Each structure stands twice: as C-alpha cells, then as structure tokens.
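Trainee: Here is my input, please return the structure:
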Amino acid sequence: MIVILGALIMMFSCESDPNLDVTSDVNEYTQLKTGNYWVYDTYDCDTLGNNCNYHGRDSVYVSEDTVIDGKYFVIFKGTRFGLPFQQYLRDSANFIVNEKGTKLFAHDKMNEVLHEHQFTLKSNNKPYRAYYGMEEKDRPVSTPAGSFDVLNYRGVIHQIGDSDPVYRYTNRYYSKGVGIVLETARYHESLHQLRRELVKYNVK
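Mentor: Predicted coordinates:
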C-alpha cells in the first residue's frame, strides 16, 4: 500500500475564511490558495531509487476551503502516483497540518521529529517505525520545471528491533513560492521507491 498522507472525510461547504493566513512564511512553501495547481511526472524505481520506469502523470490543485471542527482548511484534489488524492491542510502556528493535526511541514523546525507512526508489514509480519522531520538542502533540486532551492520534509523508515537496521527514506521537497517540486515515497510492502517530479505549475 502506498504511503499516502491525508484521509477522506466528510466535507462542509463554506465561504472563504477572512482569518485564514495564506501569506505566512510557511505558506510561501505550500501555497494554500484556491486555484493553484501542479503537474508531475511519476516514476516507479527500485529500493535504491534507481532503474526508474515512467509511471504516469499526476495533477493536483487547490479546489476550495472548508470547515472541520470549527477550523478552516483548504482542500487539495487530484492524483498522487496515479491514485485519486484528496487532502485537507491548514496553517497552524507556522506548521502545515492535516485534519488529524499531523504536522506535515515547518519551515523553521530543522532536525526535529514532527510526526511518527509504526506499522507491520504483512509480507514478513515485522514491525517498522517511520518518523518525519525537516531537513535543509545545500544544493538546488532539478526537475523538468526548473531548478529550485528547497526544504525537505524527510521520512525515515526502519525495522524495529533489528540489530543492524536498513534505513529507507522518503522525501518531499518544497520550494519557496512554488510548493512541492519533487517527492519520493515508498510502498509499505516492498519499500521500493516511487518518485514524482514537477513538470509545470501555476500559483497565485
């Protein structure tokens, strides 16, 4: 199963929130404005991120805003690695969080664990830990859309209790003024890598 952030929940229509902060520093990296969109080419790669085969094309856009438990969120819709995708995000005290309160980005919290969870692989019935935090990049990231300076929301996955664990990584690279420009993810079962690269975008 692909590691996909966000869950489908019941939506409530609303008018735009005059207090929804879409000009904060953290939003410069995430672009939480209705009408913004991004197009990505996606690839299926081996566990080391090599030998990549073209997987397809994704598109994501900010469709509208909504209220969940009295808090305003924007709704991202589209596809992610070829699967239907919908996500609820908001700026909360300079963190980007989803409707569950999971911290998915912070521009000024380097090398801190922002989120973690554990899961068991059905293939070997062994427990794994995944934890996520911000990591700065010291070089630009290049995609078909251009070259970008980025901050990385990095995930680390390893088997719990393994005396010599193999660490595998996920990455979500954010560029100021653009949004996500490059992403790598993992299947839970095989832990091989999926990759998507920004092709074009439009942000307000």
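Trainee: Hmm, residue 128 and residue 161 touching each other?
Mentor: No: counting by Cβ atoms under 8 Å, residue 161 stays clear of residue 128, with 10.0 Å between them. Heads up, the C-betas are built off the backbone N, CA and C, glycines and all.
Trainee: Of these two, which one has the most company?
Mentor: Neighbour comparison, residue 161 and residue 128: the larger count goes to residue 128, with 19 against 9 (by other Cβ atoms under 10 Å).
Trainee: Contact partners for the more buried one?
Mentor: The contact partners of residue 128, by Cβ atoms under 8 Å, 6 or more residues apart in numbering, come to 118, 119, 120, 121, 157, 158, 159, 160.
Trainee: Remind me which helix or strand the second one belongs to.
Mentor: Under the criterion DSSP states H and E, the helix or strand holding residue 119 is strand 113-121.
Trainee: which parts of the helix or strand just after that strand are buried?
Mentor: Using DSSP H and E, the helix or strand that follows strand 113-121 in sequence is strand 126-136. Neighbour-count burial for strand 126-136, with 16 or more other Cβ atoms under 10 Å as criterion, is recorded at 128, 130, 132, 133, 134, 135.
Trainee: For this structure, which segments count as strands?
Mentor: 37-44, 53-68, 71-80, 83-92, 95-98, 103-105, 113-121, 126-136, 141-143, 146-148, 151-159, 168-175, 179-186, 193-202 (DSSP state E).
Trainee: what angle sits between the longest one and strand 179-186?
Mentor: What separates the directions of strand 53-68 and strand 179-186 is an angle of 120 degrees, with axes from the mean of the first three to the mean of the last three Cα atoms, to 10 degrees.
Trainee: Same check on the fourth one?
Mentor: Taking the same axes, to 10 degrees, one finds strand 83-92 and strand 179-186 inclined to each other by 120 degrees.
Trainee: Give me the helices and strands touching strand 83-92, please.
Mentor: Judged by 3 or more Cβ pairs under 8 Å, 6 or more residues apart in numbering; DSSP states H and E, strand 83-92 is in contact with helix 25-30, strand 53-68, strand 71-80, strand 95-98.
Trainee: change it to 7 Å
Mentor: With contacts taken as 3 or more Cβ pairs under 7 Å, 6 or more residues apart in numbering; DSSP states H and E, strand 83-92 sits against strand 71-80, strand 95-98.
Trainee: What mean pLDDT does the longest one get?
Mentor: Throughout strand 71-80, pLDDT has a mean value of 95.
Trainee: So in that sheet, which strands flank it, and in what orientation?
Mentor: Sheet pairing of strand 71-80 (DSSP bridges) gives strand 53-68 (antiparallel), strand 83-92 (antiparallel).
Trainee: Could you report the separation of residue 64 from residue 91?
Mentor: Going from residue 64 to residue 91 by Cβ to Cβ, to the nearest Å gives 16 Å.
Trainee: my bad, residue 60
Mentor: Taking Cβ to Cβ, one finds residue 60 at 18 Å from residue 91.
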